[in-house]
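>>> starting from these lines, generate the structure:
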Amino acid sequence: MGQQVCAGALMQCSFGVAPAPLSVLPVSGVLTGTPAATIMDNVPMLNIPTFGMCSSMSNPTVAAATAAALGVLVPMPCIPATVAPWVPGSPTVLIGSKPALNNSSKLNCMWGGIIQISFAGQATVMVP
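Next up, the predicted model:
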């Protein structure tokens with residue numbers, strides 16, 4: 001069973017160079033300290049920020065820069081291109097009628113990258 005993901009969770013793309021935080025708008029009203037995420041929190045540059053530089057040859061800018069450098073891989077700025085929801089999500093937990101996002105879910109980028117959660121955004125706080 002996965003852990004619920006919330007705003008501020010850290011993600012990593014398999015072709016990116018840096019982790020990035022997940023942004024979740026507080027539209028559902030469900031909080032885990034910060035807004036809880038659903039599988040529909042997959043919008044590029046709104047929910048999914050840049051991962052620094054992209055090294056996927058499926059990315060047209062990387063392919064063009066690499067061709068110009070005579071075949072030497074040239075990473076280019078990452079512009080996420082996600083078009084489908086996170087999968088699989090939680091089949092039994094709904095947030096605003098959408099499946100909750102858990103830390104075992106993955107998101108595919110059109111350029112071939114697999115985005116996954118490395119930190120769900122929740123931490124246990126010990127109160128004396």
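>>> any weak-confidence spans in this structure?
For the chain, the stretches with pLDDT under 70 are 1.
>>> what about the strands in it?
Counting by DSSP state E, the chain has strands at residues 10-13, 20-21, 53-54, 76-77, 94-95, 98-99, 106-108, 114-119.
>>> which of those strands sits closest to residue 34?
For these, the distance to residue 34 is smallest for strand 20-21, at 10.5 Å, taking Cβ to Cβ. To be clear about C-beta, it is placed using only N, CA and C from the backbone, and glycine gets the same treatment.
>>> neighbouring contacts of the closest one?
For strand 20-21, the external contacting residues (Cβ atoms under 8 Å, 6 or more residues apart in numbering) are 7, 8, 9, 10, 11, 12, 13, 48, 49, 50, 51.
>>> most neighbours among the residues you listed, which one?
residue 13 (27 neighbours; other Cβ atoms under 10 Å).
>>> what sits against it?
Contacts of residue 13 by Cβ under 8 Å, 6+ apart are 20, 51, 54, 78, 80, 109, 113, 114, 115.
>>> what separates residue 4 from residue 69, distance-wise?
Here the criterion is Cβ to Cβ, to the nearest Å. By it, residue 4 lies 44 Å from residue 69.
>>> quick one, helices of this protein?
60-68 (DSSP state H).
>>> re the thing from before, okay, the contacts of strand 20-21 in CSV with distance to residue 62 next?
Formatted as CSV, these follow (distance: Cβ to Cβ, whole Å):
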residue, distance to residue 62
7, 30
8, 29
9, 26
10, 23
11, 20
12, 18
13, 13
48, 18
49, 18
50, 14
51, 13
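>>> state the pair within the residues you listed that is farthest apart.
Within those, 7 and 13 form the most distant pair, 18.5 Å apart (Cβ to Cβ).
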